[in-house]
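*Asks:* Below are the sequence and a predicted model; questions follow.
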Amino acid sequence: MKCGREPGGDKAAELGAGPAATDKSLDGINFGTNGGRICWALVGTYCAGEVQCTFAKKLDSCSECDFYQNYQKLAV
């Protein structure tokens, strides 16, 4: 999502590299690299200008995300 938390990104030094870019346990899910294609299931992602904590707390912002909406359409 180009949030700047990818390794070497403009926010990585301040906030650390994000779990969507670094969580190798989810590599390959939805044909993505690391957690990049299942970011809504990861805590600590950077959404709407803030680091998100739990899925329950970030569900509102995820449900407005174009990527998440497109995935939901495909998953049906």
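*Replies:* Received it, and whenever you're ready, just let me know what you need.
*Asks:* ranges for the helices of the protein?
*Replies:* Applying DSSP state H to the chain gives helices spanning 12-15, 19-22, 55-63, 66-75.
*Asks:* Which of these has the lowest mean pLDDT?
*Replies:* Comparing mean pLDDT across those, the weakest is helix 55-63, with a mean of 81.
*Asks:* which residues sit in contact with the spatially most central residue of the chain?
*Replies:* The C-alpha lying nearest the average C-alpha coordinate of the chain belongs to C39 (C-alpha atoms, centre = their mean; 3.0 Å). C39 makes contact with 1, 20, 45, 62, 67 under the criterion C-beta atoms under 8 Å, 6 or more residues apart in numbering. To be clear about C-beta, it is placed using only N, CA and C from the backbone, and glycine gets the same treatment.
*Asks:* Could you export those residues as a markdown table, including neighbour count?
*Replies:* Below are the contacts of C39 laid out as a markdown table (neighbours: other C-beta atoms under 10 Å):
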| residue | neighbour count |
| --- | --- |
| M1 | 15 |
| A20 | 26 |
| T45 | 25 |
| C62 | 20 |
| F67 | 14 |
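*Asks:* ok, these vs A12, which is closest?
*Replies:* Nearest to A12 out of the contacts of C39 is A20 (C-beta to C-beta; 12.2 Å).
*Asks:* Just tell me which of the helices of the chain ends up closest to N34.
*Replies:* Using C-beta to C-beta, the helices of the chain put helix 19-22 closest to N34, at 5.9 Å.
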